[in-house]
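> next come a sequence and a model predicted from it.
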Amino acid sequence: MNNARPIRRALLSVSDKTGILEFAQALHAQGVELLSTGGTARLLADNGVPVIEVSDYTGHPEIMDGRVKTLHPKVHGGILARRGIDEIVMEQNNIKPIDLVAVNLYPFAATVAAEGCTLADAIENIDIGGPTMVRSTAKNHKDTTIIVNANDYGRVIAEMQANEGSTTLETRFDLAIAAFEHTAAYDGMIANYFGTKVPAHSKDECHEDSKFPRTYNTQLVKKQDLRYGENSHQTAAFYVDTNLDEASVATAVQLQGKALSYNNIADTDSALECVKEFDEPACVIVKHANPCGVAIGENLLEAYNRAFQTDPTSAFGGIIAFNGELDAATASAIVERQFVEVIIAPKVSQAARDVVAAKANVRLLECGQWTSKTTSLDYKRVNGGLLLQDRDQGMVGIDDVKVVSKRQPTASEMKDLMFCWKVAKFVKSNAIVYAKNSMTIGVGAGQMSRVYSAKVAGIKAADEGLEVQDSVMASDAFFPFRDGIDAAAEAGISCIIQPGGSIRDEEIIAAADEHGMAMVFTGMRHFRH
Ligand SMILES: NC(=O)c1ncn([C@@H]2O[C@H](COP(=O)(O)O)[C@@H](O)[C@H]2O)c1NC=O
């Protein structure tokens, strides 16, 4: 192995001391000389591991409360020296080669996330010497080994044990990539923090100016390469935010089936986020990012059977999401009845897995139970830019809505209105949804005028033989004209839920009253583009 590099001297300097003692002991057992900064050195020495303090090695004390500890030519020369080229310079400057560096940085993220963090606290938690060593070592990975993650201690020790105390170039290169990713994320966090602030000149503080920083720095990690993008002539990959652990398509585990495609992932996200809105057993079937059938049932099987009934034509090749454990009966109903691309549920029983296994291509995903809603931002790509906004986590409850019509909705109509409203939130604008008995009757999505979305919902219901009479209707935004209300009445709609807020609201309420309809205002719009 001519690319193997023996580890004879290591520098350990870590804020998070998890596993460092065991790592140091293992290095020592392999005859490695250890250098270390104040706190880390103390921990090792207290536990009987021979260690040289960096300040003793450099002949320079740590100064300015640790602001300067390792920023010294004897440290960086020892790391950056090109083996086989810089030996004379090293000798002239009394520099010893440092072959391995293990560093983790001051906890900037945890510091700024803590209640009451001041600008001064944040500044003191910007690590300078650590990232400098990380970058030096990663740059010189041809000869040196960098570790920024305690999970890699064991791997390096194992490799040294197997290779007479050396690491391989493959490992050093891989660790160097991890190191540059780590410093990029760290500096990104710092830039985001400062990029949202303006200084207060009167005191050592600053104020939040905007939650959106001057530059938006984020790190997404590649989860998988995809066979192609939205279309087969586009290449694609799936990147995920590893800081979020909320159950999502990003965290889901694929239990079986063909590899997920770009469109599968996008549609699964739509289906899963929609089904999360419901507390009772629910099923959402999505085609091309729109729900084509949503229903609640006594159990998931009933929910699926009813959701399928909305639009069996569109459900063919759909993506199906559940909000409870997928059982064998529901899984059988799906695979026996229809071609399905993806099934996702928080949990999948073994019996359900066995059922789906008969259809080897079906992608079966388990995402875990969600507890809270994510606070992550929502992105939308445009050519040359990115739109950022808060995720639409708004949802009104029965107590938040206002009945504006003369007629009050009955209790069961109100239940349907709330159900229908939740579905409308996940239908592309202009969104019109018809529903009855907690089941969608017709979905009109993505039309350029609201009245046409209503027409589409009616056509779909008629084509699938569903009775619109006495259904409720949800509209994701207000009605600009009364024609939408008149058309709904004509179709047999008994109640409407919509945000309200049009300059013609009075006219629209009067139209509802004329038709004897109940109308409810939510005061909240749910455009989805
Ligand atoms: N200033 C320096 O020269 C310096 N060198 C290393 N550090 C950091 O000091 C920490 C370890 O300190 P200690 O071993 O004293 O607990 C590590 O997070 C390391 O990244 C430094 N601290 C901050 O920049």
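Cool, got the structure.

> from I320, how far out is the nearest residue to R306 once chain neighbours are set aside?
Distances taken as CB to CB, 6 or more residues apart in numbering put A295 closest to R306, at 3.5 Å, once the chain neighbours are dropped. Every residue, glycine included, has its C-beta placed from N, CA and C. With the distance defined as CB to CB, to the nearest Å, A295 ends up 12 Å from I320.

> hmm, back to that, the residue nearest to R306 belongs to a strand?
Yes. Secondary structure assignment places A295 in a strand (DSSP: H, G, I helix; E, B strand; the rest coil).

> kindly list the longest helix within the protein.
Of all the elements of type helix in the chain, the one with the most residues (DSSP state H) is helix 169-194.

> which residues touch the helix or strand following that helix?
If you walk from helix 169-194 toward the C-terminus, the next helix or strand you reach (DSSP states H and E) is strand 197-200. By CB atoms under 8 Å, 6 or more residues apart in numbering, the residues outside strand 197-200 that reach it are L119, E205, C206, H207, E208, D209.

> skipping adjacent residues, who's closest to T111 in space?
The shortest distance from T111 to any non-neighbouring residue, by CB to CB, 6+ apart, is to N125 (4.1 Å).

> contacts only, for the one you found.
The contact partners of N125, by CB under 8 Å, 6+ apart, come to Y106, P107, F108, T111, V112.

> what do you get for T144?
Under the criterion of CB under 8 Å, 6+ apart, the contact partners of T144 comprise R5, I79, I98, D99, L100, V101, T137, R172.

> how near is the residue nearest to V240 when sequence neighbours are not counted to F278?
Closest residue to V240 apart from its sequence neighbours, by CB to CB, 6+ apart: A250 at 4.0 Å. Distance from A250 to F278, counting by CB to CB: 21 Å.

> ok, back up a step: what sits in contact with each of A295 and I320?
Taking CB under 8 Å, 6+ apart as the contact criterion, the residues that touch both A295 and I320 are C283, Y304, A307.

> hmm, what's the outermost residue in this protein?
Each residue of the chain has a distance to the centre, and by CA atoms, centre = their mean the biggest one is for Q92: 52.0 Å.

> how much space between that one and L80?
The value you get for Q92 to L80, if CB to CB is used, is 15 Å.

> ok, L71 next?
According to CB to CB, L71 and L80 sit 13 Å apart.

> neighbour count: these two, which is higher?
Here L71 and L80 are set side by side on neighbour count (other CB atoms under 10 Å), and the busier one is L80, at 18 against 15.

> and that one, what does it touch?
Residues in contact with L80 (CB under 8 Å, 6+ apart) are S136, K139, N140.

> give me that answer again for 6 Å
If you count contacts by CB atoms under 6 Å, 6 or more residues apart in numbering, L80 has them with S136, N140.

> near the ligand, which residues of this protein? Just list them.
The chain comes close to the ligand at residues 13-15, 37-40, 66-71, 103-106, 127-130, as judged by CB under 6 Å from any ligand atom.

> all strands of the stretch 151-300 of the chain, in order?
166-167, 197-200, 205-208, 221-226, 236-240, 253-256, 282-287, 290-296 (DSSP state E, counting those that start in this stretch).

> before we move on, back to that, can I get the shared contacts of A295 and I320 in TSV with pLDDT and neighbour count?
As requested, these are exported to TSV (pLDDT from 0 to 100; neighbours: other CB atoms under 10 Å):
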residue	pLDDT	neighbour count
C283	98	30
Y304	98	29
A307	98	29
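
> closest to E159 out of these?
C283 (49.1 Å; CB to CB).

> check contacts around the closest one.
Counting by CB under 6 Å, 6+ apart, C283 makes contact with A295, A303, Y304, A307, F322.

> looking at those residues, which are in helices?
Of the positions in these, A303, Y304, A307 sit in helices, assigned by DSSP H.

> closest one to the ligand out of those, please.
A303 (51.3 Å; CB to the nearest ligand atom).

> from what I see, that closest one and A282 are in contact.
Yes. Under the criterion of CB atoms under 6 Å, A303 lies in contact with A282, with a separation of 5.3 Å.

> what's the distance between the residue of the stretch 151-300 of the chain found nearest the ligand and Q254?
The nearest approach of the stretch 151-300 of the chain to the ligand comes at Y186, 10.1 Å away (CB to the nearest ligand atom). Relative to Q254, Y186 is positioned 31 Å away (criterion: CB to CB).

> wait, a helix at I459?
Yes. Secondary structure of I459 (three-state DSSP): part of a helix.
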